[in-house]
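> Sharing a model prediction with you, sequence too.
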Amino acid sequence: MMIIRLLAANRSERKISIGLCLALIWAILSLHTNCSSIPVSEGGFSHSKLDRDRLTLSDTDTPPADRHLHADHYPASNERRLDLFRSRIEGLGGGYIGVGTDQNLTLVAWAKSDYAYLADFDPVTVAINRIHLYFLELAPNYREFEKLWDVKNKKETLVLLEKKFASDPEYKVILSAYEISLRKGGVPQRLGDLKKISSVYPFKSFHNDPADYDFLRNMVIEGRILAIDGNLLGNKTFRSVGEKAVSVHIPIRILYTSNAEEYFRYPEDMRRNFLSLPTDDKSLVVRTLTKGAKRFGFPDGEMFPKDYPFHYNIQTMENFKIWLKQPGALSTIGILSKRKEIVKGFSVVEALPDEEPKNTAQK
């Protein structure tokens, strides 16, 4: 009787083991095929377990020799109406990956992201982001942060940069980036511009909201925000970010592309990069456009309304991925042809490629 029971128990254990193995295989496959399966609140790492060591990527893209841009470098953002995004991204949490410089700080603070990657294919932009993060670490408040960027304090700031980065392989690039950032259209001008914008529009961010500044500073101190090399057309950085999101069990909630998408027709590697990001039903792509902005509409307050105004747009990642899986050429103009206007200069894409949008603009 004991032998029979042992045999039955062994068979039962084998069935359970096989069942567990099948369940594990199914879960792994689901992570690769259904990116909506990674919850933030269930099984995700707490802030105390996320740090630079945990978030450092195994591989990143090599910056391309020719970037085919209108300007050599973009040391600061000229997107003035980021406030249009706020109500849609506020408190989203999760992971963040974005291109560009200071606009990322605004968006990350609003979203209260769990971790963030500031990625760009221009080494100067990456270096400026590294300086931003260093200054956030040094300065206990925004007023002190702004002083570090003030050209009047250049001599003292250079001493701080040498102390921090002298032994860094990218030290020369960092010094060059700092010099570039002080020119017309650079960081000090942008910080001043933020004040002007906030005096006219409901724009509260790290420059005039101590809570936002403190949030960013804590992220830096805890090692949860990193400046990295990244190329939308590469095959390393974005996929490494996707792998990291899976490993910490926290999906990417915001993909911020600025107006970079409009330069391309979504070649294969670019599509794979976006499709590889683990996302869920709250995840968004946040973008701006200059191409088509006059046709789509642009908000009041743009820096260059006659020549280069921006249109501001969001789209759920679930919807965006359906567009990306469509065969043939794709462009931001094509995607935005299905937009739904929310307010002047701001829209959302909810329609699928074969659907017509429902326009419910607020006048």
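Received, thanks.
> which ones are touching residue 195?
Taking CB atoms under 8 Å, 6 or more residues apart in numbering as the criterion, residue 195 is in contact with 207-208. Where you see a C-beta, it was placed from the backbone N, CA and C, and this is true even at glycine.
> now the strands for the stretch 251-363 of the chain?
252-258, 284-289, 311-316, 339-343, 346-349 (DSSP state E, counting those that start in this stretch).
> Parallel or antiparallel, which strands does the second one pair with?
Sheet pairing of strand 284-289 (DSSP bridges) gives strand 252-258 (parallel), strand 311-316 (antiparallel).
> May I see the ones you listed arranged in CSV, with distance to residue 222, mean pLDDT and mean neighbour count as well?
Below are those laid out as CSV (distance: least, CB to CB, whole Å; pLDDT from 0 to 100; neighbours: other CB atoms under 10 Å):
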stretch, distance to residue 222, mean pLDDT, mean neighbour count
strand 252-258, 18, 98, 25
strand 311-316, 28, 98, 24
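> could you dump these to a markdown table with distance to residue 150?
Shown next, in a markdown table, are the strands paired with strand 284-289 (distance: least, CB to CB, whole Å):
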| stretch | distance to residue 150 |
| --- | --- |
| strand 252-258 | 26 |
| strand 311-316 | 30 |
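> Of the ones you listed, give the one that comes closest to residue 163.
Shortest distance between residue 163 and the strands paired with strand 284-289, using CB to CB, is found for strand 252-258: 31.4 Å.
> For that closest one, C-alpha coordinates in CSV please.
Extracted as CSV, the C-alpha positions of strand 252-258 are listed here (Å, rounded to 0.1, in the frame of the first residue of the first chain):
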residue,chain,number,x,y,z
ILE,A,252,8.2,51.7,-19.9
ARG,A,253,5.3,54.2,-19.3
ILE,A,254,6.7,57.1,-21.4
LEU,A,255,8.6,57.1,-24.7
TYR,A,256,9.4,60.7,-25.5
THR,A,257,10.8,61.3,-29.0
SER,A,258,10.6,65.1,-29.3
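> Use 181 as the first number for this chain going forward.
That works, and once the first residue is 181, the last one we named lands at strand 432-438.
> just for the stretch 231-380 of the chain, where's the confidence low?
Along the stretch 231-380 of the chain, segments meeting pLDDT under 70 span 245-251.
> All the strands of it, residue numbers only.
With DSSP E, counting those that start in this stretch as the criterion, the stretch 231-380 of the chain has strands at 275-278, 295-300.
> Please name whichever of those is nearest to residue 456.
Going by CB to CB, the one of these nearest residue 456 is strand 275-278, 11.3 Å.
> The strands of the stretch 231-380 of the chain into JSON lines, with extra columns for mean neighbour count and distance to residue 444?
What follows is the strands of the stretch 231-380 of the chain, written out as JSON lines (neighbours: other CB atoms under 10 Å; distance: least, CB to CB, whole Å):
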{"stretch": "strand 275-278", "mean neighbour count": "28", "distance to residue 444": "17"}
{"stretch": "strand 295-300", "mean neighbour count": "28", "distance to residue 444": "15"}
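> between the strands paired with strand 464-469, which gets nearest to residue 352?
strand 432-438 (26.3 Å).
> returning to what we had before: for the strands of the stretch 431-543 of the chain, give me a markdown table that also has distance to residue 425.
Shown next, in a markdown table, are the strands of the stretch 431-543 of the chain (distance: least, CB to CB, whole Å):
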| stretch | distance to residue 425 |
| --- | --- |
| strand 432-438 | 5 |
| strand 464-469 | 15 |
| strand 491-496 | 17 |
| strand 519-523 | 28 |
| strand 526-529 | 23 |
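> mind listing what the nearest residue to residue 483 once chain neighbours are set aside touches?
Leaving out its chain neighbours, the residue that sits closest to residue 483 by CB to CB, 6 or more residues apart in numbering is residue 258, at 4.8 Å. The contact partners of residue 258, by CB under 8 Å, 6+ apart, come to 365, 370, 373, 483-484.
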